[in-house]
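Have a look; sequence and predicted model below, questions after that.
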Amino acid sequence: MLNLIKIGLAFALASLIVGVATVAGLFAVFYLISQALVYSAEIAAVRYAELWPRALDQNRPTAADVRVQALLAREQERIPAARLDLRFVPSESSPTASGW
């Protein structure tokens with residue numbers, strides 16, 4: 001009789017653990033799906049605005065870098081009368097030549 005009670009408690013504990021594991025697994029799946037959706041939205045926005053490829057060296061910006069900076073400058077215009085002027089001036093010396 002005592003063994004049957006032990007087996008019953010073991011099954012109750014096992015079903016509780018399985019229930020908690022199922023909920024934790026569902027949360028993990030929901031997290032992964034939400035991350036995939038966020039990444040796909042970011043990729044779609046970058047592809048639509050043609051903001052790729054970006055330069056690794058900031059001293060030699062690509063056309064996408066210029067578009068990004070122009071979009072950021074336009075975003076920073078808070079007052080309708082204020083206008084930001086964006087110019088890219090080629091650098092005369094590289095960072096390695098200046099002692100960095």
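Received the coordinates, thanks.

how far does stretch 70-82 sit from the chain's center?
Chain-centre distance of stretch 70-82: 24 Å, with CA atoms, centre = their mean, to the nearest Å.

Show the end-to-end separation of that stretch, please.
15 Å (CA to CA, to the nearest Å).

what does that stretch rub up against?
49, 83, 84, 86 (CB atoms under 8 Å, 6 or more residues apart in numbering). C-beta here means a position set from N, CA and C on the backbone, and glycine is covered the same way.

6 Å instead, please
84, 86 (CB atoms under 6 Å, 6 or more residues apart in numbering).

ok, now stretch 60-67?
Contacts of stretch 60-67 (CB under 6 Å, 6+ apart): 51, 52, 54, 55.

Among the residues you listed, which one sits closest to residue 11?
If you rank these by distance to residue 11 using CB to CB, residue 52 comes first, at 55.9 Å.

ok, back up a step: now, of the contacts of stretch 60-67, which are buried?
Among the contacts of stretch 60-67, those that count as buried by neighbour count (16 or more other CB atoms under 10 Å) are residue 51.

State the distance from residue 86 to residue 56.
21 Å (CB to CB, to the nearest Å).

Neighbour count for those two, which is higher?
Neighbours per residue (other CB atoms under 10 Å) separate residue 86 from residue 56, with residue 86 holding more: 10 against 7.

Can you identify the helix in this protein that spans the most residues?
As assigned by DSSP state H, the longest helix anywhere in the chain is helix 2-48.

Specify the next element, helix or strand, located C-terminal of that one.
helix 63-76 (DSSP states H and E).

For that following helix, buried residues please.
Result for helix 63-76 [16+ other CB under 10 Å]: buried residues 64, 65, 68.
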